[in-house]
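*Asks:* have a look at this prediction, sequence included:
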Amino acid sequence: MSTAYQIVVCGSIVPDPLQTLEPVAAPTGPALKNEMMLPAVLDPWAGHALFEAANLAKNTPGSKVWLVALGPKAKLQQVMMTVAQKVPFELVALDGSASGFTDATETAAALADAIAAIPGLDKSKLLVFGGWESASRGAGATLQMVGERLGITDQFQGVDQLTLNADGSLEILERIEGGKHQVSKCAGAPALLGWATGNLPEPKNNPQVGMVNMRTVMPALQKAKPTKLAGEGLTFASVALPKQLRETQIVKDKSPDEIAKEIVEWIKK
Amino acid sequence: METILVLAHTENDGSLAKTAREALHAAATLHKSLAGSKLVVGLVGDNVQAAANSIAACPATKYFGVTGAEFTQPRYGTDTAAAEAICKTAQATVVVAPATSRWARVLPGVAQRLGGRADTHVTGAAAADGKISVNRWYYRQRMESSQTRTQRPWILGIDPGSQSACDCGAGTASVEMVAVNLPDTAKRTTVVGVREPKADAQTIRPDAQLLFVTGAGWTKKQADGQTHVPEAEKLILGFLKASRASLGSSKSLVDLGGEGQAVLPFLSHLNQIGQTGATPRHAKGLSTCCHGEEPHTVGWRFINERRAISLDPNCGWARGKADVLYVADAFQVIAKVNELLA
């Protein structure tokens, strides 16, 4: 018998990876220069989690996907214009900072409260998804705290594959050291999965999916709860770009034989 | 007064991994610079006595252990309970742990249970004027911070390879066992095994001296107007076999495989370095046919000596990031390198 899941994906926005980022000191702590002007994208690993969630929902009738996102409302709206065309989901928006310098604990508290407040949430069907790390704070800490707050003690990080077994159990592949995967079997929901890359390509834009999603995205953005992340107890002494510009020696007048010899000597040194 | 707890798990054979000794080194350094602080050790595993004995000469004054068959599995439910129990018994205010996949899974959850905070991917910890500060990177290794916290306990996940390993000697340690009451809910998950490529097909080697980075150029049309993917595969695998290097790849090259194109079948997302990949630590890095920012800026952040082979002398990402840029055809150069290494 197939189980219907309630799949909640936690994920927010990050600056487009192609942008040059520069830290600046703001009254509330470190920030990025021209942060609000930087083009944003859905956090890549959270994106993988969303696509895996949608695929799972598609293959388990009766399942539904929510995307819980904490970020500045205006930027969330911009990014949702694209993301909403990818896969079906219902947005739960929180209006607050998506900065990497916010505290994982405070972010987790806000996300957990938002998840707990989803109408009709049934924890026996709940799967919480997200990226195992963000491309901003990159802590790999927020999801575990969300799970703890929701009372979920079956947690997995660096997930590349989830398989549903006929008996309702879950088989999960997590990345571990040395290019290996740990294989675990979990009795079933509730469970929390921090996704790595997974196996799915990014879905193509589908305007019809976008139309359906936007019916809930815009109202969700309008009623997004203001969320203050104070960073209590956390003080940044400095945030700086690494000084690592190297004096690159350009070698363009040597034959492949000479270069190969030089490289082998360097490798063996 | 801070009580610094080094929290580690044993390996399958009961030993401590190098990463645990790195965390111990970081904690011992912190302890030394914090007047009045205490250093204690907590170990989790089937049997921790041998591991405790192996570091008995370190400056720790107490050893705590959680042992038993239930604690051999790297699983959230049991590992969190074990770590929580040790932290409470030791009355730890600062917890220093290696950020292995096993601990990275549970440490933030432990901080949540204890009402503390967790900072992960820590690359340095120091104390001055009685105040602890840590270093970590933000925005995928693009900027580095130094930060402090007032909350306790403060759990620090030390990035593997970022510290030197403690070389304290062995002896006999007295381990105080900590009892953990495991609810059934902590055992809903069972670790059934590890999946890995065959030994000769494993291309990710964290302990390798050299990281060999392949870019999408390997699969592009060459001077004769044709692609040479089978030849590229032979050259890359030949190099890995001869040099024992670890293989990294740019995102674009890995994505080609994910899109169903028949390219370099031995590459997976696990090889990917950069924005949505790994940031491995190796002494040397050699990149070939890479033209993007990611491999050179993010993926190479913790590579000490860097060389690149590219046909583009003006490659903006190699210039300023690599020590040496060879302007040459990687197919020809690697073929010669393989001959010399054979």
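*Replies:* Here it is on my side, so go on. Numbering: from 1, shown residues only, chains lettered A, B, ... in the order given.

*Asks:* contacts, neighbours, all on C-alpha from now
*Replies:* Will do.

*Asks:* count of neighbours near the residue lying closest to B:Lys187 once chain neighbours are set aside?
*Replies:* Once flanking residues are discounted, B:Lys187 sits nearest to B:Gly77: 6.4 Å by CA to CA, 6 or more residues apart in numbering or on different chains. Neighbour count for B:Gly77, taken as other CA atoms under 10 Å in any protein chain shown: 23.

*Asks:* just the CA coordinates of the helix or strand harbouring B:Gly77, formatted as PDB?
*Replies:* In this assignment (DSSP states H and E), B:Gly77 forms part of helix B:76-90. The C-alpha atoms that make up helix B:76-90 are tabulated as PDB, following Å, rounded to 0.1, in the frame of the first residue of the first chain:
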ATOM      1  CA  TYR B  76      21.200  10.200  14.300                       C
ATOM      2  CA  GLY B  77      19.000   8.800  17.100                       C
ATOM      3  CA  THR B  78      21.700   7.000  19.000                       C
ATOM      4  CA  ASP B  79      24.600   9.300  18.300                       C
ATOM      5  CA  THR B  80      22.700  12.300  19.400                       C
ATOM      6  CA  ALA B  81      21.700  10.600  22.700                       C
ATOM      7  CA  ALA B  82      25.300   9.500  23.300                       C
ATOM      8  CA  ALA B  83      26.800  13.000  22.600                       C
ATOM      9  CA  GLU B  84      24.100  14.700  24.700                       C
ATOM     10  CA  ALA B  85      24.800  12.400  27.700                       C
ATOM     11  CA  ILE B  86      28.500  12.900  27.600                       C
ATOM     12  CA  CYS B  87      28.200  16.700  27.300                       C
ATOM     13  CA  LYS B  88      25.900  16.800  30.200                       C
ATOM     14  CA  THR B  89      28.000  14.500  32.400                       C
ATOM     15  CA  ALA B  90      31.200  16.400  31.500                       C
END
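
*Asks:* ok, now which ones touch the residue nearest to B:Lys187?
*Replies:* A:Thr153, A:Asp154, A:Gln155, B:Thr185, B:Ala186, B:Lys187, B:Thr189 (CA atoms under 8 Å, 6 or more residues apart in numbering or on different chains).

*Asks:* surely the first one touches B:Tyr76?
*Replies:* It stands for A:Thr153. Yes: contact criterion CA atoms under 8 Å: A:Thr153 and B:Tyr76 qualify, at 6.6 Å.

*Asks:* what residues are shared contacts of these two?
*Replies:* Joint contacts of A:Thr153 and B:Tyr76 (CA under 8 Å, 6+ apart) are B:Ala186.

*Asks:* if you rank every helix and strand of the chain by mean pLDDT, what lands last?
*Replies:* Assuming you mean chain A. Least confident helix or strand, chain A: strand A:249-251 with a mean of 93, by mean pLDDT, DSSP states H and E.

*Asks:* that's the wrong chain, I meant chain B
*Replies:* Going by mean pLDDT, DSSP H and E, chain B bottoms out at helix B:293, a mean of 61.

*Asks:* any idea which helix or strand comes after it?
*Replies:* strand B:303-310.

*Asks:* okay, now the sheet partners of the helix or strand following that next one, with direction.
*Replies:* Counting by DSSP H and E, the next helix or strand C-terminal to strand B:303-310 is strand B:324-327. Sheet pairing here is set by DSSP bridges, and for strand B:324-327 it gives strand A:249-251 (parallel), strand B:303-310 (parallel).

*Asks:* buried set for the longest one?
*Replies:* Judged by neighbour count (16 or more other CA atoms under 10 Å in any protein chain shown), strand B:303-310 contains these buried residues: B:Ile303, B:Glu305, B:Arg306, B:Arg307, B:Ala308, B:Ile309, B:Ser310.

*Asks:* does any bit of the helix or strand just after the least confident helix or strand of chain A sit next to chain B?
*Replies:* Beyond strand A:249-251 on the C-terminal side, the first helix or strand identified by DSSP H and E is helix A:256-268. Yes: shown here: helix A:256-268 in contact with chain B (CA under 8 Å from any CA of the partner chain) through A:Pro256, A:Asp257, A:Ile259, A:Ala260, A:Lys261, A:Ile263, A:Val264, A:Ile267.

*Asks:* remind me which residues of the chain are low pLDDT?
*Replies:* Going with chain A. Scanning chain A for pLDDT under 70 picks out A:1-2, A:244.

*Asks:* actually chain B
*Replies:* Using pLDDT under 70, the flagged stretches of chain B are B:257-262, B:292-297.

*Asks:* if we can go back for a sec, which one of the contacts of B:Gly77 sits closest to B:Ser145?
*Replies:* Checking the contacts of B:Gly77 against B:Ser145 with CA to CA, the nearest one is A:Gln155 at 28.8 Å.

*Asks:* now do the contacts for the residue in chain B sticking out farthest from the centre.
*Replies:* Farthest-out residue of chain B from its mean C-alpha position, per CA atoms, centre = their mean: B:Asp224, at 41.2 Å. Going by CA under 8 Å, 6+ apart, B:Asp224 touches no other residue.

*Asks:* sticking with it, tell me its helix or strand.
*Replies:* Applying DSSP H and E, one finds B:Asp224 in no helix or strand.

*Asks:* separation between it and chain A?
*Replies:* Per CA to the nearest CA, to the nearest Å, B:Asp224 is found 18 Å from chain A.

*Asks:* next one: B:Leu341
*Replies:* For B:Leu341 relative to chain A (CA to the nearest CA), the value is 7 Å.

*Asks:* in contact with the residue positioned nearest the centre of chain B, which residues?
*Replies:* Centroid-nearest residue in chain B, with CA atoms, centre = their mean: B:Pro160, separated by 4.2 Å. Contact partners of B:Pro160, counting by CA under 8 Å, 6+ apart, are B:Thr19, B:Glu22, B:Pro98, B:Ala99, B:Thr100.

*Asks:* recalculate using a threshold of 10 Å.
*Replies:* Contacts for B:Pro160 (CA atoms under 10 Å, 6 or more residues apart in numbering or on different chains) come out as B:18-23, B:97-100, B:121-123, B:280-281.

*Asks:* what does B:Thr93 give?
*Replies:* Taking CA under 10 Å, 6+ apart as the test, what B:Thr93 contacts is B:1-5, B:38, B:87, B:116, B:151-155.

*Asks:* neighbours of the nearest residue to it once chain neighbours are set aside, how many?
*Replies:* Computed as CA to CA, 6+ apart, the closest residue to B:Thr93 that is not its neighbour in sequence is B:Pro153, at 4.2 Å. If you count neighbours by other CA under 10 Å, B:Pro153 ends up with 25.

*Asks:* pretty sure B:Pro153 contacts B:Ala111?
*Replies:* Yes: counting by CA atoms under 10 Å, B:Ala111 is a contact partner of B:Pro153 at 7.2 Å.

*Asks:* now the common contact residues for those two.
*Replies:* The contact lists of B:Pro153 and B:Ala111 share B:Cys87, B:Val95, B:Arg117, B:Ala118, where a contact means CA under 10 Å, 6+ apart.

*Asks:* from those residues, which ones fall inside strands?
*Replies:* Members of the shared contacts of B:Pro153 and B:Ala111 lying in strands (criterion: DSSP state E): B:Val95, B:Arg117, B:Ala118.
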